[in-house]
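A.B. asks: Got a sequence here, can you build the structure:
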Amino acid sequence: MAHGVAFDSREVGPGDLFVALNGEATDGHRFLPQAFAQGAAAAIVTQPCDGPHVQVADTTGALNALARASRARTGAKIVGVTGSVGKTSAKEALFAALDRGWRGGVHRSVKSYNNHVGVPLSLARMPQDTRAGVFEMGMNHPGELAALTRLVRPHVAIVTAIAPAHAEFFPDEAAIADAKGEIFQGLEPGGVAIIPFDSPHRDRLIDAATPCAARIVTFGSDAGADVRAVEAMRVKTGGSFVTARLGDRELSFTLSQPGAHWVSNALAVLAAVDAVGGDLGLAGLALADLGGLAGRGLRFTTQVADGDALVIDESYNANPASMAATLAVLAREPGRHVAVLGEMREMGEHSAAYHAALATPVIDARVEAAILVGEAMAPLAEALEGRVDFVHVADAAAALAATRDILASGDVILVKGSNGVGLSRVIAGLRGGTI
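C.D. replies: So this is what the prediction gives:
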């Protein structure tokens with residue numbers, strides 16, 4: 001009997017069902033020996049193999065069938081999360097908020113498994129007795145979210161924010177909002193749509209949700225939002241003390257994560273907890289205890305020759321909005337500010353302008369030394385000339401070498417860039433000990 005599902009042979013554990021997917025880069029059938037060696041109970045394949053298996057015409061189709069079966073058997077409240085920025089962070093925060101009250105009864109997407117194979121895998125893994133499931137959904141082309149949300153069939157659908165991510169695939173930001181608004185198409189009868197009130201695309205998202213949702217809940221800092229931050233004050237630990245109002249109710253809590261973008265995420269989380277009948281008080285406690293996520297705000301110290309430096313790991317991904325948000329967080333930190341900034345990919349024809357525009361948040365963050373990584377950073381280098389000390393390097397290896405030359409005791413270093421730049425290697429180097 002299989003107890004879990006995996007399509008990455010490196011993640012297979014005893015009793016798992018291994019799905020041998022035929023991908024663009026590799027064929028999962030090549031890794032069948034490794035999967036069985038690690039304890040796979042059986043495999044789903046398109047050709048016979050040594051070991052227990054089920055042979056099908058299409059393993060991706062079989063994975064989707066497993067996902068649909070898992071969704072059909074559950075009585076859980078299902079929440080779908082999307083957005084140009086903040087969706088993984090909001091997913092993790094919502095999981096923590098619900099799990100505080102329903103210990104062991106909450107399931108979520110792992111890592112950033114948010115695409116056409118990651119979402120069905122996360123659904124297929126959901127235990128039958130789950131009380132709530134939280135699923136992240138991403139896209140970089142129109143129509144992708146529509147397919148994913150009809151598989152997930154959420155009771156609650158959240159859009160965290162709209163920003164020019166994957167801009168090369170869309171004519172403008174309004175088209176990105178339309179693509180994100182597809183998440184509402186899968187809402188179950190009686191479903192709730194949760195929308196950022198402060199977004200310039202709010203009305204567009206509301207129009208997308210109106211035919212699909214029984215109720216629309218907005219969140220933000222503006223007085224017109226259904227769930228709003230009445231007050232948000234920075235605390236000594238770096239996070240915020242937030243007073244949120246939900247209708248005629250108020251909740252005050254400490255948010256462990258720093259930055260205005262995290263206050264926004266927390267409001268969306270509270271709206272979702274309320275929509276599925278969770279405990280708001282316990283959700284507030286969970287948000288106070290929330291730790292940083294690797295690649296998305298995790299903090300650690302690294303040893304330098306004469307002491308320690310603080311590292312802010314935002315290496316997983318980047319777009320103009322998230323760059324500005326995390327540089328604003330850096331601005332609040334005491335000490336000399338250092339920034340390792342990787343190029344933002346999939347920015348399309350306006351890439352140069354998007355990169356050059358980062359000069360303002362870099363300067364506002366009082367960055368004293370910058371390491372710019374990748375060819376697309378050339379416009380930012382030009383914009384910073386004579387205003388901020390910087391070096392412009394080709395890749396992550398050169399960035400790490402430059403970091404070793406620059407970093408000193410008491411520094412605060414932000415590392416952020418698109419995932420394809422590979423700045424996780426810089427993080428690994430900084431975690432490795434004295435530099």
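A.B. asks: Domain ranges for this protein, per the record?
C.D. replies: For the chain, automatic domain parsing gives the domain ranges 4-57, 64-289, 298-431.
A.B. asks: Turn these into CSV, including mean pLDDT and mean neighbour count.
C.D. replies: Using the backbone N, CA and C atoms, a C-beta is placed for each residue, glycine as well. Listed next are these as CSV, based on pLDDT from 0 to 100; neighbours: other C-beta atoms under 10 Å:
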stretch, mean pLDDT, mean neighbour count
domain 4-57, 94, 17
domain 64-289, 95, 20
domain 298-431, 96, 19
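A.B. asks: Arg68 versus the spatially most central residue of the chain, what's the distance?
C.D. replies: Geometric centre of the chain, nearest residue: Thr88, 2.4 Å, by C-alpha atoms, centre = their mean. Separation of Thr88 from Arg68 (C-beta to C-beta, to the nearest Å) stands at 24 Å.
A.B. asks: and what of Phe7?
C.D. replies: Taking C-beta to C-beta, one finds Phe7 at 16 Å from Arg68.
A.B. asks: same check, this time on Ala321
C.D. replies: From Ala321 over to Arg68 (counting by C-beta to C-beta), the distance is 34 Å.
A.B. asks: what does Asp58 give?
C.D. replies: 14 Å.
A.B. asks: One more: Thr360?
C.D. replies: Distance from Thr360 to Arg68, by C-beta to C-beta: 47 Å.
A.B. asks: now Asn115
C.D. replies: 17 Å.
A.B. asks: How about His155?
C.D. replies: 17 Å.
A.B. asks: Repeat that for Thr130.
C.D. replies: According to C-beta to C-beta, Thr130 and Arg68 sit 16 Å apart.
A.B. asks: Kindly report the same for Leu372.
C.D. replies: 46 Å.
A.B. asks: Can you name the residues in contact with stretch 162-182?
C.D. replies: 82-85, 139-146, 149, 159, 196, 199-201, 204-205, 207-209, 319-322, 346-351, 354 (C-beta atoms under 8 Å, 6 or more residues apart in numbering).
A.B. asks: now swap in stretch 35-51 and tell me
C.D. replies: So stretch 35-51 is in contact with 1-3, 6, 9, 12-20, 22, 29, 32-33, 52-59, 62-63, going by C-beta under 8 Å, 6+ apart.
A.B. asks: thinking Ala357 is in contact with Met323, fair?
C.D. replies: No. Look at Ala357 against Met323 with C-beta atoms under 8 Å: they stay out of range, at 9.3 Å.
A.B. asks: Ends of stretch 219-239, what's the gap?
C.D. replies: 19 Å (C-alpha to C-alpha, to the nearest Å).
A.B. asks: That one: how far from the chain's middle?
C.D. replies: Centroid separation for stretch 219-239 versus its chain: 21 Å, with C-alpha atoms, centre = their mean, to the nearest Å.
A.B. asks: Equivalent analysis for stretch 329-340, please.
C.D. replies: 22 Å.
A.B. asks: For it, list the C-alpha coordinates in CSV.
C.D. replies: The C-alpha trace of stretch 329-340 is given here as CSV (Å, rounded to 0.1, in the frame of the first residue of the first chain):
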residue,chain,number,x,y,z
VAL,A,329,13.0,46.5,5.0
LEU,A,330,16.8,46.9,4.6
ALA,A,331,16.4,50.6,5.1
ARG,A,332,15.1,50.1,8.6
GLU,A,333,18.1,48.1,9.8
PRO,A,334,21.0,49.6,11.8
GLY,A,335,24.5,49.3,10.4
ARG,A,336,26.1,49.7,6.9
HIS,A,337,23.8,48.5,4.2
VAL,A,338,25.1,46.1,1.5
ALA,A,339,22.9,44.7,-1.3
VAL,A,340,23.5,41.8,-3.7
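A.B. asks: Name the residues that touch that stretch?
C.D. replies: Contacts for stretch 329-340 (C-beta under 8 Å, 6+ apart): 234, 238, 258-259, 297, 309-310, 312, 327, 362, 364-371, 373, 399, 403, 406-408, 410-417, 423, 426.
A.B. asks: Keep only those of those residues that are in strands.
C.D. replies: Secondary structure assignment (DSSP state E) places 234, 309-310, 312, 367-371, 373, 412-416 from these within strands.
A.B. asks: Between those residues, which sits nearest Asp222?
C.D. replies: When those are ranked by distance to Asp222 (C-beta to C-beta), Arg234 comes first, at 20.1 Å.
A.B. asks: State the distance from that closest one to Thr160.
C.D. replies: Arg234 is 21 Å from Thr160, by C-beta to C-beta.
A.B. asks: swap in Gly410?
C.D. replies: Gly410 is 34 Å from Thr160, by C-beta to C-beta.
A.B. asks: Leu187 too?
C.D. replies: From Leu187 to Thr160 the distance is 17 Å (C-beta to C-beta).
A.B. asks: Which secondary structure element is home to the closest residue to Ser109 other than its chain neighbours?
C.D. replies: Closest residue to Ser109 apart from its sequence neighbours, by C-beta to C-beta, 6 or more residues apart in numbering: Ser122 at 4.1 Å. Per DSSP states H and E, Ser122 falls inside helix 118-124.
A.B. asks: helices or strands next to that helix in the packing?
C.D. replies: For helix 118-124, the packing partners by 3 or more C-beta pairs under 8 Å, 6 or more residues apart in numbering; DSSP states H and E come out as strand 4-6, helix 59-73, strand 132-136, helix 144-152.
A.B. asks: wait, which of these is closest to Asp226?
C.D. replies: strand 132-136 (20.5 Å).
A.B. asks: partner strands of that closest one, parallel or antiparallel?
C.D. replies: strand 77-82 (parallel), strand 106-108 (parallel) (DSSP bridges).
A.B. asks: Nearest to Ala225, out of the ones you listed?
C.D. replies: That would be strand 77-82 among the strands paired with strand 132-136, by C-beta to C-beta, at 18.2 Å.
A.B. asks: And the closest one, how far out from the chain middle?
C.D. replies: Per C-alpha atoms, centre = their mean, the centroid offset for strand 77-82 relative to its chain is 14 Å.
A.B. asks: ok and it relative to helix 59-73, angle-wise?
C.D. replies: Angle, strand 77-82 to helix 59-73, by axes from the mean of the first three to the mean of the last three C-alpha atoms, to 10 degrees: 140 degrees.
A.B. asks: which residues sit in contact with the residue nearest to Ile312 when sequence neighbours are not counted?
C.D. replies: Closest residue to Ile312 apart from its sequence neighbours, by C-beta to C-beta, 6+ apart: Leu414 at 4.7 Å. Contacts for Leu414 (C-beta under 8 Å, 6+ apart) come out as Ile312, Glu314, Thr326, Leu327, Val329, Leu330, His337, Val338, Ala339, Val340, Leu341, Ala365.
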